[in-house]
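Enquirer: Okay, predicted coordinates and the sequence, questions at the end:
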Amino acid sequence: MALRIPQRSEFWLFDCGEGTQHQFLKSQLRLSQLRRVFISHMHGDHVFGLPGLLASLGLAGNSSGIELYGPDPLETYLNGVMASSSSRIGYPIQVHRVKTHAEQNIVLFDDGDLVVRCTPLNHRVPAYAYRVEQKPRPGRFDLERAQALKIPPGPVYAALQRGEKVKLQDGSVIYGKDFCGPSRPGVSIVYCTDTIFSEAAINLAQGADLLIHEATYAHEDANLAYQRKHSTSTMAAQTAAEACVGQLVLTHLSPRYAPGNRLTPNDLLNEAKTIFPNTLLAKDFLQLDIKPRCNSS
């Protein structure tokens with residue numbers, strides 16, 4: 001799952017299974033714009049594509065650096081693969097362990113615009129869900145009022161939109177709050193896989209605009225879900241409902257539900273929609289434009 005960052009020439013990647021590079025070749029994403037990778041857990045279908053991806057970036061020579069976030073074994077795993085394959089990475093890489101942040105509810109990342117939090121999930125190995133939240137944005141700038149007062153355009157407008165106090169060349173002082181409408185809410189997404197039904201996931205996802213949640217099994221196969229610490233379609237929908245999210249996307253479906261079998265992905269979708277109607281099935285190259293639900297614009 002790739003998250004394009006608004007108004008930046010970068011994107012973030014969540015998990016990196018085998019074949020990720022081939023999917024990038026078919027997508028509109030430019031691999032050179034990858035800045036951060038968040039790994040949920042160390043099972044192969046979530047990490048086997050990462051060493052090759054990092055090595056290809058090194059060969060291309062067009063990466064300014066990658067920040068990696070994940071379970072404790074992530075760094076050892078990458079170092080082992082890179083050393084064994086004599087791969088050279090010609091750009092800076094930093095690996096961040098998320099365990100303490102998840103267990104103690106400490107902010108994992110904050111750049112003044114975006115905040116990332118994480119929480120432990122309930123899987124067969126240590127696994128983590130991630131929440132990305134955009135901080136509230138300044139209200140809409142009243143351009144007509146600024147022009148009517150003959151305030152010079154340029155950096156002054158930008159400072160006013162940020163809500164700052166500005167002193168003009170004539171000595172007068174103006175305040176950004178007088179030229180901006182109410183602050184606009186940012187958007188929030190939660191990426192949650194792999195796990196059995198989890199109260200921690202509900203807490204992390206509270207009020208999110210989008211929840212991406214695994215739905216490995218159909219409701220009738222709940223016994224397998226409990227044995228293998230995965231979610232059913234109804235567990236994912238229950239999480240979405242209890243967290244009051246805006247939209248749910250189901251992902252990580254078992255191959256046992258491939259089209260043509262007795263139960264298909266559409267059956268899992270319909271199961272989820274009985275609990276949480278605003279549900280979609282993930283598919284290759286699906287693109288969603290995430291907007292805050294309370295945005296009146």
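Expert: That came in fine, so what should we check first? All values derive from a computational prediction rather than experimental measurement.
Enquirer: in the stretch 1-150 of the chain, which ranges drop under the pLDDT threshold?
Expert: Residues of the stretch 1-150 of the chain meeting the criterion pLDDT under 70: none.
Enquirer: how about 80 then?
Expert: 6-7, 137-139 (pLDDT under 80).
Enquirer: In it, mark out all the helices, start to finish.
Expert: 20-26, 44-47, 50-60, 74-84, 99-103, 143-148 (DSSP state H, counting those that start in this stretch).
Enquirer: what comes up buried for the first one?
Expert: By neighbour count, with 16 or more other Cβ atoms under 10 Å as the criterion, the buried positions of helix 20-26 are 20, 24. In short, each C-beta sits where N, CA and C put it, glycine included.
Enquirer: can I have that helix written out in PDB, keeping just the CAs?
Expert: Coordinates of each C-alpha in helix 20-26 appear next as PDB, following Å, rounded to 0.1, in the frame of the first residue of the first chain:
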ATOM      1  CA  THR A  20       6.500  -5.100  -5.300                       C
ATOM      2  CA  GLN A  21       9.100  -3.800  -7.700                       C
ATOM      3  CA  HIS A  22       7.100  -5.300 -10.600                       C
ATOM      4  CA  GLN A  23       4.000  -3.500  -9.500                       C
ATOM      5  CA  PHE A  24       5.900  -0.200  -9.400                       C
ATOM      6  CA  LEU A  25       6.800  -0.700 -13.000                       C
ATOM      7  CA  LYS A  26       3.100  -0.900 -13.800                       C
END
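Enquirer: what residue of the protein is the furthest out?
Expert: Ranked by distance from the centre of the chain (Cα atoms, centre = their mean), the top residue is residue 170, with 46.6 Å.
Enquirer: Residue 39 and residue 201, how far apart?
Expert: Counting by Cβ to Cβ, to the nearest Å, the separation of residue 39 from residue 201 is 17 Å.
Enquirer: likewise residue 12?
Expert: Distance, residue 12 to residue 201, by Cβ to Cβ: 20 Å.
Enquirer: Looking at those two, which is more packed in?
Expert: Between residue 12 and residue 201, residue 201 has the larger neighbour count (other Cβ atoms under 10 Å), namely 28 against 23.
Enquirer: That one: what's it in contact with?
Expert: Neighbour list for residue 201: 119, 121, 129, 190, 192, 195, 213, 239, 243 [criterion: Cβ atoms under 8 Å, 6 or more residues apart in numbering].
Enquirer: element containing it, please.
Expert: When secondary structure is defined by DSSP states H and E, residue 201 falls within helix 199-205.
Enquirer: could I get that helix in PDB with only the CA atoms?
Expert: Extracted C-alpha coordinates of helix 199-205, given in PDB (Å, rounded to 0.1, in the frame of the first residue of the first chain):
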ATOM      1  CA  GLU A 199      -9.300  -3.700  20.800                       C
ATOM      2  CA  ALA A 200      -6.000  -2.000  20.300                       C
ATOM      3  CA  ALA A 201      -6.800  -1.600  16.600                       C
ATOM      4  CA  ILE A 202     -10.200  -0.100  17.400                       C
ATOM      5  CA  ASN A 203      -8.500   2.400  19.700                       C
ATOM      6  CA  LEU A 204      -5.900   3.400  17.000                       C
ATOM      7  CA  ALA A 205      -8.600   3.700  14.300                       C
END
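Enquirer: Quick check: what element follows that helix along the chain?
Expert: On the C-terminal side of helix 199-205, the nearest following helix or strand under DSSP H and E is strand 210-214.
Enquirer: quick one: average confidence on that next one?
Expert: Throughout strand 210-214, pLDDT has a mean value of 98.
Enquirer: residues touching residue 139, list them.
Expert: 180-184.
Enquirer: Relative to residue 56, which of those is nearest.
Expert: residue 184 (38.2 Å; Cβ to Cβ).
Enquirer: just so I have it, where are all the strands in the protein?
Expert: Using DSSP state E, the strands of the chain run over 2-4, 11-14, 34-38, 66-70, 93-97, 109-110, 114-120, 128-134, 165-167, 173-175, 188-192, 210-214, 247-251, 279-281.
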